[in-house]
Each structure stands twice: as structure tokens, then as C-alpha cells.
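*Asks:* No letters, just coordinates:
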């Protein structure tokens with residue numbers, strides 16, 4: 001009993017020191033299993049919670065891990081790569097049983113992750129790859145298929161000239177989404193008028209691009225956005241020029257504002273990525289790795305210097321035709337929220 005008490009007091013003290021003495025924001029989800037004590041600790045480090053979906057990923061992951069008898073120590077780097085490096089090193093020094101990383105910059109973490117390897121801590125790349133380091137697993141959505149779905153939606157809208165307002169190239173998924181999108185554009189002889197990258201996934205930069213490049217936007221008959229947050233900023237900027245709804249806009253993540261835009265016809269489609277399924281599967285695999293178990297994975301993916309075990313979850317295209325079935329009946333958003341701004345005839 002004394003040992004358990006001291007262990008719990010140590011966790012409380014460490015959390016207090018981190019919150020008071022560090023610039024980083026730390027969220028510790030110290031949940032207990034039914035027997036009152038979790039022996040497995042998983043360190044999970046997020047890019048930030050600016051993107052709406054990450055909070056859902058966190059909640060499902062931590063709940064699933066807790067059900068399996070694991071504690072999850074959640075770190076939030078707030079988009080600061082140096083802070084993320086420090087947080088990962090803290091988790092390594094804490095000797096967690098597994099690391100789950102959503103990297104800010106897939107090229108900047110290799111040397112830090114090598115320290116985890118040296119201590120025998122398994123590392124999972126969650127949703128985004130960490131390049132040139134031999135991690136234990138990459139679990140994400142099929143990002144090329146995401147881009148392909150976005151491209152097919154615009155081709156179905158009759159697009160011939162497209163502007164791409166993408167996420168940052170430091171996110172390895174961006175190049176994969178763009179690759180899938182460009183294949184569809186090339187197959188259908190669609191011209192790309194311009195490509196812009198929103199640094200740090202700052203959605204407001206998408207809106208600023210529209211304001212600053214109206215001659216190019218006026219020539220376009222479609223806009224591809226890197227995610228729904230960017231799409232929302234773009235649609236707001238188009239609305240100022242009374243162009244919202246006249247130019248098809250696509251995004252990904254099925255954020256609530258995007259779903260609202262789809263039903264009010266200012267956004268053509270989004271790609272729904274079942275984050276609950278992804279986070280639940282990732283938590284189960286993390287607990288297995290933390291327990292020293294081997295995991296069976298059929299696919300591999302190249303991250304530069306290494307081939308990494310890869311688990312890909314299928315995305316789903318969402319338009320006005322299937323939004324009720326996929327989003328509402330699937331329980332991702334409520335009908336009341338999705339149709340909030342739609343006036344019934």
C-alpha cells in the first residue's frame with residue numbers, strides 16, 4: 001500500500017512541476033483499470049489541438065487504452081517542434097512503455113526517436129510518418145486515396161482549372177494527398193493554376209490567399225483545400241466577394257463547419273476519416289507493443305531509409321447525397337448540428 005501511495009504521489013508531483021515550471025502544455029490522462037492500478041504507460045505527443053479531429057483521436061485512444069489497463073500521458077506541443085522534441089525526451093526519460101507520436105515535422109524528429117530505440121521503447125507514428133528512422137508502426141488513413149477522392153469530386157463538378165491550397169510540406173501526408181489528387185488531375189487534363197501551402201496548418205492563410213490572389217481565383221472553376229479548416233477559411237473569403245457556392249471547394253476531415261457547408265451548398269465534398277476506428281486500433285496495437293507482444297501487419301511503407309509496418313484505414317467521400325447516411329446515422333455529428341443553418345422549405 002505504501003508503494004502504491006508513493007507512486008501516485010510521484011505522478012501528482014511530476015504533473016505539478018510540469019504545469020508550473022515548463023512552457024509546454026501537458027494533459028495527463030491518468031485513468032485506472034478495474035483493479036485500481038495500470039502497469040502500462042503510453043506516452044502520446046500531439047502536434048497541437050488546433051485541428052478539430054485531434055481531440056476526438058485523443059479521447060478515443062485514451063479511453064480504449066484505459067479499458068485495456070494502460071495509462072496514457074498526453075502531451076500537446078502547440079505546433080512548436082522544439083517543444084515537441086522536449087516533450088518526447090521527457091517521455092523517454094520517464095521510460096514509458098510505448099510512444100505514440102503525431103509529428104509536427106516528419107523530418108525533424110529522427111534523432112530524438114533514435115533515443116527511444118536505444119532504450120527499447122516501441123514507437124508508433126500516428127497519422128503522419130516520421131522519416132528516416134526505424135519506427136515500429138505507422139497507422140493512418142490511405143492518404144493517396146484521400147487525394148484521389150478529392151480530385152474525383154472536382155472532376156465530377158466539371159473542373160478544368162483548379163487552385164490547390166494545401167497544408168504544410170513538413171506534414172508527410174500532404175505530399176501523399178497531393179500525389180493522389182494530381183493523378184486524377186492529369187488523367188482528366190485539369191490545369192493547376194497555382195499551388196499554395198498553409199504553413200503550420202494555419203487555416204487563416206487559406207483565406208488570405210484568396211483575398212491576395214483574386215485574379216487567379218476568378219479564373220479557377222474549383223479549389224482543392226488541404227483540410228476542412230482551410231476550406232472554411234477559403235469559403236468565408238469567397239463569401240466576401242459573393243463567390244461562395246459558385247466555385248466548388250473540397251476538403252477533408254468532415255469537420256462540423258464543413259458538413260454545414262455541404263448541406264448549404266458552399267462546399268462540394270469532404271473526406272470522412274473514421275478517427276474513432278483509427279484511434280481505437282492504434283490504442284490496441286500500442287498496448288500490445290508496450291506489453292512486448294508482436295503485431296501482425298500485412299503492409300509496409302517506405303519512410304526514406306526504412307520500410308515500416310503500415311496499417312491503413314479506409315476513408316469515405318462525403319457529399320450532400322450521402323451525408324445523412326455517413327455522418328449523421330454514423331453518429332459523427334448530429335442532424336441538428338449539421339443542418340443548423342439550413343432553412344426548411
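*Replies:* Yep, that arrived. Predicted model only: the values in this text are computed from it and were never measured.
*Asks:* Report the secondary structure element holding residue 310.
*Replies:* strand 307-313 (DSSP states H and E).
*Asks:* wait, what's in contact with the spatially closest residue to residue 144 that is not a sequence neighbour?
*Replies:* Counting by CB to CB, 6 or more residues apart in numbering, residue 144 lies nearest to residue 180, which is 3.6 Å off, once chain neighbours are set aside. Glycine gets a C-beta too; all of them are placed from N, C-alpha and C. By CB atoms under 8 Å, 6 or more residues apart in numbering, the contact list for residue 180 reads 143-151.
*Asks:* which among these gets closest to residue 237?
*Replies:* residue 150 (19.2 Å; CB to CB).
*Asks:* do you know how far that closest one is from residue 222?
*Replies:* Residue 150 sits 10 Å away from residue 222, going by CB to CB, to the nearest Å.
*Asks:* Need the overlap of contacts for those two.
*Replies:* Shared contacts of residue 150 and residue 222, counting by CB under 8 Å, 6+ apart, come down to residue 250.
*Asks:* Return, as residue ranges, the portions of the stretch 201-345 of the chain with sub-threshold pLDDT.
*Replies:* For the stretch 201-345 of the chain, the stretches flagged by pLDDT under 70 are 344-345.
*Asks:* what's in contact with stretch 324-331?
*Replies:* So stretch 324-331 is in contact with 254, 259, 272, 316, 318, 332-335, 338, going by CB under 8 Å, 6+ apart.
*Asks:* and that stretch, which residues are buried?
*Replies:* Neighbour-count burial for stretch 324-331, counted by 16 or more other CB atoms under 10 Å, picks out 326-328, 330.
*Asks:* start to end distance for that stretch?
*Replies:* 10 Å (CA to CA, to the nearest Å).
*Asks:* just how off-centre is that stretch within its chain?
*Replies:* 20 Å (CA atoms, centre = their mean, to the nearest Å).
*Asks:* beta partners for residue 70?
*Replies:* Beta bridges link residue 70 to residue 40, judged by DSSP bridges.
*Asks:* who touches it in this structure?
*Replies:* 33, 38, 40-42, 97, 283, 286-287, 290.
*Asks:* okay, the residues you listed in a markdown table with secondary structure, distance to residue 311 and neighbour count next?
*Replies:* Shown next, in a markdown table, are these (DSSP: H, G, I helix; E, B strand; the rest coil; distance: CB to CB, whole Å; neighbours: other CB atoms under 10 Å):
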| residue | secondary structure | distance to residue 311 | neighbour count |
| --- | --- | --- | --- |
| 33 | coil | 25 | 16 |
| 38 | coil | 24 | 18 |
| 40 | strand | 20 | 19 |
| 41 | strand | 22 | 19 |
| 42 | strand | 17 | 29 |
| 97 | coil | 19 | 20 |
| 283 | helix | 12 | 26 |
| 286 | helix | 12 | 32 |
| 287 | helix | 15 | 20 |
| 290 | helix | 16 | 24 |
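*Asks:* And the furthest pair within these?
*Replies:* 33 and 286 (15.1 Å).
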